[in-house]
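1. got a predicted model here, sequence first, then my questions.
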Amino acid sequence: MVELIKKLKPQVVVTGIAHFESVTSSAFVQLLDATREIGSRLFLDISDHFDLSSLPVTNGVLKYLSGTPLPSHAAILCGLVKNQVYSDLEVAFVISEDEAILKALSKTVEVLEGNTSLISQYYYGHLFHELLAFQLTDRHSHLQRSEKSKSVEVIGFSTSAISVLNNAELSISGDENSLIHMDVDQWFLPTPSPVKAAIFESFARQNMGEFETDVTHSIQQFVRSNYGFPIDSNTAFIYSDCLQALFSKLVLCCVHEGGTLCFPAGSNGNHVSAAKFLKANIVSIPTNSEEGFKLTEKTLNKTLETVKNPWVYISGPTINPTGLIYSNKEMENILTACAKFGARVVIDTSFSGLEFDFDGWGGWNLEGFLPKLSSSGNPAFCVSLLGGLSLKLLSGAVEFGFVALNQPFLIDTFHSYPGLSKPHSTEKYAIKKLLALREQKGGMLDIVKEQIRNLEVRTKRLKEVTASSPSILMRSLILSTIYNLASLIKALEKCGWHVLQPCAGVSMMAKPPFLDKTVKLSHSLKDTNIGEKDAAYEVKLNDATIREAIAKTTGLCINSGSWTGIPGYCRFTVALEESEFELALACLDKFKSIIGN
């Protein structure tokens, strides 16, 4: 390998290491020196030599790291493929001491893979704490580790990657502990007792049989009863512990067949960023305020006439980020247009499940018209169903994503892309248990349905409720969400924002009254002291600057029009802890006063 590096002078080297060379550090040092000499990045995979067992063998790479900092041009990759303690534990990690690499990787993971569920974080963290309780010999503190030599300049990130990561609204620089996040699709409200019980039971049970963790039948029943999605012998269900990873694989399938991914203006900004990062061909389908920025058959027909091999992304029944709903008839019209042009359709249902007036809109029954469209339309037409269960189960602890594919060629292409992180058996057990509870009469589903029936009326009443009397409403998790939405609407309207009234979900959009206004803002999250003129700067508020301006002056993180895809309209999520939500409302008042001054 060293000879190849010297002869070929590659910009990046990805390699493993022989077993007999892994015991000492000499082979690793030779690779470091060879790649440093020619200015090459080194990614070394030590998975085959990382044992989690009662008698771990000596590892030369880790021994080197215990006494010497890792040069910035090198990174260590490790997957637990030889785990002898917990054979079903699927984890991989990266070791690097280069800040640029770590920052880029964290953003890349957020775009392509999404967040690891809390249940998995606690599970893995607990196991590693136990497994690493033994003492490693020859350990050194950070200050004691000797610095040998600096790395030379190496290849950086591509321009396209930098552009996506810099423009994607993934993080805010500064003290993360002082920020309030209304920009993430996660559930932070209290977890219901049935969910807690199912999670606890999944950990308490031992030697679970495969039938106890097989969720396929439960998921099939779920998609039939909730969306009327047709299922036959050709339908394949694929699972992941994060929805974002499944969507990324679908984007790769689109790229593989030279397709063009069509997003309605007003779509999930994280998905758009993922498609851009994977270099997919992207087209934006126009939407307008008169239809609530919904996708319509008319605009879809006009767009698909000019697109070759179209792939159409649709968020529904509940639309992320507007919180509006596609009716069954609207979906029939949209899918009719897609069938005419032979589009591959990806329906993302992950934001659905909290429809305020379920009886009023009636739900979906895709089986009533989808088989007919598939048989009479363009043969290339197909529909894939993407879904997540976090909102449906009122839990942020369990992250579970699935995709239903019904075309053999698409299934084969999807499986050709490896690296999908699968849900742990404990999560699948908990999911199966909770889905069964939803189907029981008198169980969790009936309680949720009973609450949803009155949500539309209660939303109108909640607009008149002040922020100081939520005690009765907070008895219900869904009512808490509606209360938060009503309170947020009231606060935004008070501040002059134009609010797009949501019908479901945990987010909404609003347009501020001060766009294109130049204002002087403080660099600090704290109020600027009188006389500290250097701490302020002028900025023109628009889609490119409003997110950072609000975050830097108040600590509140929202999504801007750059994320929503609708100029001027920002996105807010409301499934926050009560104390965080109250602080968020205070931040809106604070920013209004800053603008006024």
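-> Sure thing, it's come through. Numbering: from 1, shown residues only.
2. OK, contacts around the closest residue to N234 other than its chain neighbours?
-> Excluding its sequence neighbours, the residue lying closest to N234 (Cβ to Cβ, 6 or more residues apart in numbering) is N406, at 5.3 Å. For every residue, glycine as well, the C-beta is placed using N, CA and C. By Cβ atoms under 8 Å, 6 or more residues apart in numbering, N406 lies in contact with P230, I231, D232, N234, T235, A236, C382, V383, S384.
3. I546 now?
-> P512, L515, S560, G561, C570.
4. return the members of the residues you listed classed as buried.
-> P512, S560, G561, C570 (16 or more other Cβ atoms under 10 Å).
5. what score does the last one have for pLDDT?
-> I take that to be C570. Looking at C570, its pLDDT stands at 95.
6. cool, and the third one?
-> On pLDDT, G561 comes in at 94.
7. leaving out chain neighbours, which residue sits closest to it?
-> D543 (3.7 Å).
8. that neighbour touches N559, doesn't it?
-> No. Using Cβ atoms under 8 Å, D543 is not in contact with N559; the gap is 10.2 Å.
9. those two: who's more crowded?
-> A count of neighbours by other Cβ atoms under 10 Å puts N559 above the other of D543 and N559, at 23 against 18.
10. got a list of what the more buried one touches?
-> E169, D183, G269, P321, R547, C570, R571, F572.
11. repeat for S202
-> T426, E427, Y429, A430, K433.
12. tell me which of the contacts of I546 is nearest to I155?
-> S560 (32.0 Å; Cβ to Cβ).
13. can you list the weak-confidence ranges in this protein?
-> 54, 84-86, 132-151, 173-177, 358-359, 391-395, 441-483, 522-535, 597 (pLDDT under 70).
14. can you list the domains in it?
-> 1-157, 169-189+444-596, 213-439 (the TED database).
15. and among those, the most buried is which?
-> Highest mean neighbour count of these: domain 213-439, a mean of 20 (counted as mean count of other Cβ atoms under 10 Å).
16. could you give the separation of it from the chain centroid?
-> Its chain's C-alpha centre and that of domain 213-439 lie 15 Å apart, by Cα atoms, centre = their mean, to the nearest Å.
17. ends of that domain, how far apart?
-> In domain 213-439, first residue to last residue: 18 Å (Cα to Cα, to the nearest Å).
18. still on that earlier bit, let's have the contacts of S202 in CSV, adding secondary structure and distance to L585.
-> Shown next, in CSV, are the contacts of S202 (DSSP: H, G, I helix; E, B strand; the rest coil; distance: Cβ to Cβ, whole Å):
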residue, secondary structure, distance to L585
T426, helix, 37
E427, helix, 34
Y429, helix, 39
A430, helix, 34
K433, helix, 36
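19. as CSV, the residues you listed with distance to H49 would be great.
-> Listed next are these as CSV, based on distance: Cβ to Cβ, whole Å:
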residue, distance to H49
T426, 28
E427, 29
Y429, 32
A430, 34
K433, 38
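20. before we move on, back to that, just read off the phi/psi values of the residue nearest to G561.
-> phi -60, psi -30 (degrees, to the nearest 10).
21. check contacts around it.
-> S560, G561, S562, P567, G568 are the contacts of D543 under Cβ under 8 Å, 6+ apart.
22. of these, which is the nearest to H498?
-> Nearest to H498 among the contacts of D543, with distances taken as Cβ to Cβ, is G568, at 8.8 Å.
23. Three-state assignment for that closest one, please.
-> coil (DSSP: H, G, I helix; E, B strand; the rest coil).
24. from P310, how far out is the residue nearest in space to the middle of the chain?
-> By Cα atoms, centre = their mean, the mean C-alpha position of the chain lies nearest to G114, the distance being 3.9 Å. To P310, G114 is 25 Å away according to Cβ to Cβ, to the nearest Å.
25. please report how far F402 lies from S202.
-> F402 sits 18 Å away from S202, going by Cβ to Cβ.
26. is the closest residue to Q220 other than its chain neighbours in a helix, a strand, or coil?
-> Distances taken as Cβ to Cβ, 6+ apart put I231 closest to Q220, at 5.5 Å, once the chain neighbours are dropped. Secondary structure state of I231, per three-state DSSP, is coil.
27. just checking, I231 touches V223?
-> Yes. At 7.1 Å, I231 and V223 qualify as touching, with contact defined as Cβ under 8 Å.
28. find residues that contact each of those two.
-> In contact with both I231 and V223: A404, using Cβ under 8 Å, 6+ apart.
29. returning to that earlier point: closest to L585 out of the contacts of D543?
-> Among these, and counting by Cβ to Cβ, the member closest to L585 is S560, at 19.1 Å.
30. ok, that closest one to A168 distance?
-> Applying Cβ to Cβ to S560 and A168 gives a distance of 11 Å.
31. could you pull out the helices for the stretch 251-400 of the chain?
-> 269-277, 297-304, 328-340, 358-361, 370-376 (DSSP state H, counting those that start in this stretch).
32. nope, the stretch 1-150 of the chain is what I meant
-> Using DSSP H, counting those that start in this stretch, helices in the stretch 1-150 of the chain cover 2-8, 26-38, 60-67, 99-112, 118-131.
33. among the ones you listed, which comes closest to F341?
-> Using Cβ to Cβ, these put helix 99-112 closest to F341, at 28.4 Å.
34. residues making contact with that closest one?
-> So helix 99-112 is contacted by 72, 75, 94, 96, 157, 161, 164-165, 168, 170-171, 244-245, 248, 270, 273-274, 277-278 (Cβ under 8 Å, 6+ apart).
35. also stretch 48-56?
-> 16-17, 19, 22, 57, 59, 61, 78, 80-86, 131.
36. if you set the cut-off to 7 Å instead, what comes out?
-> Applying Cβ atoms under 7 Å, 6 or more residues apart in numbering, the contact partners of stretch 48-56 are G16, H19, S22, V57, N59, C78, L80, K82, N83, Q84, V85, L131.
37. from the residues you listed, which single one is nearest A339?
-> Relative to A339, and with distances defined as Cβ to Cβ, the nearest of the contacts of stretch 48-56 is L80, at 44.8 Å.
38. next up, phi/psi of that closest one, please.
-> phi -80, psi 60.
39. in three-state terms, label I595 for me.
-> Applying three-state DSSP: I595 is helix.
40. excluding chain neighbours, what is closest to it?
-> F514 is the one closest to I595 (Cβ to Cβ, 6+ apart), at 5.2 Å.
41. was I right to think that neighbour contacts N542?
-> No. Taking contacts as Cβ atoms under 7 Å, F514 lies outside contact range of N542: 10.2 Å.
42. which residues in the stretch 301-450 of the chain form strands?
-> 310-315, 344-348, 382-388, 401-405 (DSSP state E, counting those that start in this stretch).
43. would you double-check that H217 falls in a helix?
-> Yes. Assessed with three-state DSSP, H217 lies in a helix.
44. what's near enough to touch it?
-> No contacts exist for H217 under Cβ under 7 Å, 6+ apart.
45. how close does it sit to L437?
-> On the measure of Cβ to Cβ, H217 and L437 end up 15 Å apart.
46. do the same with I595
-> From I595 to L437 the distance is 48 Å (Cβ to Cβ).
47. kindly report the same for L556.
-> Counting by Cβ to Cβ - L556 and L437 are separated by 36 Å.
48. next one: A198
-> 7 Å.
49. so I489 sits against V499, correct?
-> Yes. Contact criterion Cβ under 7 Å: I489 and V499 qualify, at 5.1 Å.
50. circling back: now, the buried ones among the contacts of I546 that are in helices?
-> G561 (DSSP state H).
51. for the buried ones among the contacts of I546, which one is nearest V346?
-> Closest to V346, out of all of those and judged by Cβ to Cβ, is G561, at 23.5 Å.
52. how about the contacts made by the closest one?
-> D543, P567, G568, Y569, C570.
53. reformat the residues you listed as TSV; add distance to E332.
-> Shown next, in TSV, are those (distance: Cβ to Cβ, whole Å):
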residue	distance to E332
D543	34
P567	30
G568	31
Y569	27
C570	32
